[in-house]
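S.K.: Below: sequence and its predicted model.
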Amino acid sequence: MLLVTTAAELRAHLDAVRRDGGRVGLVPTMGFLHDGHVSLMAASVADNDCTVVTIFVNPLQFAPTEDLAAYPRDLDRDRERCEEAGVDLVFAPSVEEMYPAPVQTTVTVDGITATMEGASRPTHFAGVATVVAKLFALAGPCRAYFGEKDFQQLAVVATMARDLSFPVEVVGCPIVREADGLALSSRNAYLTEEERAAAPVLHEALEAGAAAVRDGERDPEEVRALVAATIRAEPRAELDYVAVVDAGTLEPVDPLRGEVRLLAAARFGRARLLDNVGVSLPAGG
């Protein structure tokens with residue numbers, strides 16, 4: 001497995017792979033890799049001739065009040081996990097390599113960024129879209145793998161790739177969970193023992209909402225209220241939002257019909273956690 005730190009090295013290697021007829025898989029991450037990331041790597045390794053994992057804690061997607069300096073990092077451990085997963089190349093650039101001059105150009109995806117994470121973190125998705133656009137430009141034609149845990153982010157990236165005609169197929173991969181339902185996240189490392197015991201309420205609440213939909217509830221506000229009340233019943237959870245939307249457009253849908261996504265965010269001490277579940281209904285509701 002190769003480790004490269006410059007854009008020129010990355011481009012040269014991946015161009016050579018494609019010249020030889022190989023297909024490239026790209027797994028963008030911010031490091032501190034867990035089994036959810038490993039599942040993305042496994043999907044890429046199975047689908048492609050060369051898999052590259054990028055490890056870069058992107059400052060553009062952190063607001064001044066957020067946890068950029070404290071974000072967990074362990075490059076040596078990450079390299080081991082990549083090698084074990086069969087990754088061919090790790091791209092771990094410095095901030096200076098990715099942003100050699102003050103950034104004057106950012107990528108904004110309108111519409112689907114206005115709610116949920118976009119409302120709670122107004123600058124977040126511009127930072128995500130900008131760094132992913134740079135990674136797509138550096139990697140060239142490829143398949144890019146993202147987890148469904150960050151469901152709105154996946155939609156933003158897929159929309160950007162389509163709108164800007166990147167030669168990239170964006171692949172969404174299922175959420176990986178602990179045995180008690182907690183979605184894997186690098187920020188789970190922030191949880192105290194008590195907060196870790198409380199955190200599965202996020203998934204429990206979403207599953208309760210999904211069960212209500214499967215049992216016939218078609219009023220999105222009733223479903224949203226059920227999920228919110230379940231989370232608020234946990235003293236260690238500070239609810240940010242609950243949303244019940246069309247899975248394809250992320251727009252409200254009333255009455256519920258078709259592919260529906262329930263999403264929630266809550267804070268447990270230092271850790272702000274996201275989760276979501278999907279429900280499939282007949283088109284007529």
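M.R.: Cool, the structure landed.
S.K.: what's next to the strand or helix carrying Asp78, contact-wise?
M.R.: Secondary structure here is read from DSSP states H and E; on that basis Asp78 sits in helix 75-84. Helix 75-84 has contacts (CB atoms under 8 Å, 6 or more residues apart in numbering) with Met1, Leu3, Gly31, Phe32, Leu33, His37, Val38, Met41, Val53, Ile55, Val90, Ala92. Yep, even glycine has a C-beta here, placed from its N, CA and C like the rest.
S.K.: Who are the contact partners of the third one?
M.R.: For Gly31, the contacting residues are Ile55, Phe56, Val57, Pro72, Arg73, Asp74, Leu75, Asp78, Ala92, Ser186, by CB under 8 Å, 6+ apart.
S.K.: Inside strands: which ones of these?
M.R.: Ile55 (DSSP state E).
S.K.: Just the buried ones out of the contacts of Gly31, please.
M.R.: Using 16 or more other CB atoms under 10 Å as the burial test, these include Ile55, Phe56, Val57, Asp78, Ala92, Ser186 as buried.
S.K.: just the residues you listed now: which is nearest Val109?
M.R.: Within the buried ones among the contacts of Gly31, proximity to Val109 (CB to CB) peaks at Phe56, which comes in at 19.8 Å.
S.K.: Please name the nearest non-neighbouring residue to that closest one.
M.R.: Across the structure, with CB to CB, 6 or more residues apart in numbering as the measure, the residue nearest Phe56 apart from its sequence neighbours is Pro93 (5.8 Å).
S.K.: Tell me where the stretch 101-250 of the chain has strands.
M.R.: Under the criterion DSSP state E, counting those that start in this stretch, strands of the stretch 101-250 of the chain are mapped to 142-147, 168-173, 238-246.
S.K.: Pick the most deeply packed of those strands.
M.R.: Each of the strands of the stretch 101-250 of the chain was given a mean neighbour count from mean count of other CB atoms under 10 Å, and the largest, a mean of 23, is that of strand 142-147.
S.K.: following the one helix or strand Glu9 maps to, which helix or strand shows up next?
M.R.: Assigned by DSSP H and E, Glu9 belongs to helix 7-19. Once the chain leaves helix 7-19, the next helix or strand it forms, by DSSP H and E, is strand 24-29.
S.K.: Touching the helix or strand immediately after that next one in the chain from outside, list them.
M.R.: Per DSSP H and E, strand 24-29 leads on to helix 35-47 as the next helix or strand towards the C-terminus. The contact list for helix 35-47, computed with CB under 8 Å, 6+ apart, reads 23, 25-27, 29, 51, 53, 81-82, 85-87, 143, 145-147, 149, 171, 173-176, 183-185.
S.K.: Looking at the contacts of Gly31, which one is closest to Ala266?
M.R.: Of all the contacts of Gly31, the one sitting nearest Ala266 is Ser186; the distance, using CB to CB, is 16.7 Å.
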